[in-house]
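Novice: how would this look folded up:
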Amino acid sequence: MEFQTIGIREFQEYRSRPDAWVIDVRSREDFAEVHVEGARNIPYEELSIYQKYLPKDKLYILYCDRGSSSLMAAKELSRNGFRAVSLVGGIQAALPREG
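Specialist: Coordinates of the predicted model:
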């Protein structure tokens with residue numbers, strides 16, 4: 001399977017799909033502090049452990065702090081037959097801007 005990177009517009013569209021799971025690959029501590037509404041936390045370091053429990057019929061939308069860990073996670077998942085996308089800019093792009 002192939003993976004792709006997506007921007008914030010696609011992120012909003014993709015996450016509304018019934019087959020989509022938003023996965024935060026940051027640490028449990030970072031996730032507890034702030035995360036995207038509806039996201040599930042699977043820290044990047046634990047991804048290989050949890051892969052066997054993930055349904056293959058889902059679209060996995062991954063994000064991290066800035067985008068590099070989720071990119072590596074999306075590559076790994078796609079190599080193993082999952083549909084995965086990575087949010088460019090990570091949670092920094094996903095959170096509403098204060099202004």
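
Novice: Please make it C-alpha for all contacts and neighbour counts, starting now.
Specialist: OK.

Novice: need the helices for the chain, in chain order.
Specialist: Along the chain, the segments classed as helices by DSSP state H run 8-15, 28-33, 47-50, 68-79, 90-94.

Novice: nearest to Lys56, of these?
Specialist: Ranking those by their distance to Lys56 (criterion: C-alpha to C-alpha) puts helix 68-79 first, at 9.8 Å.

Novice: what sits up against that closest one?
Specialist: 1-5, 25, 44, 47, 51, 62-64, 83-87, 90 (C-alpha atoms under 8 Å, 6 or more residues apart in numbering).

Novice: roughly how far out does that helix sit from the chain middle?
Specialist: How far helix 68-79 lies from its chain's middle: 9 Å, per C-alpha atoms, centre = their mean, to the nearest Å.

Novice: Just the buried positions in the lowest-mean-pLDDT helix or strand in the chain, please.
Specialist: Lowest by mean pLDDT, DSSP states H and E among the helices and strands of the chain is helix 90-94, with a mean of 90. Neighbour counts over helix 90-94 (16 or more other C-alpha atoms under 10 Å) mark 90-91, 93-94 as buried.

Novice: JSON lines for the helices of the chain, including distance to Lys56?
Specialist: Listed next are those as JSON lines, based on distance: least, C-alpha to C-alpha, whole Å:
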{"stretch": "helix 8-15", "distance to Lys56": "17"}
{"stretch": "helix 28-33", "distance to Lys56": "24"}
{"stretch": "helix 47-50", "distance to Lys56": "12"}
{"stretch": "helix 68-79", "distance to Lys56": "10"}
{"stretch": "helix 90-94", "distance to Lys56": "23"}
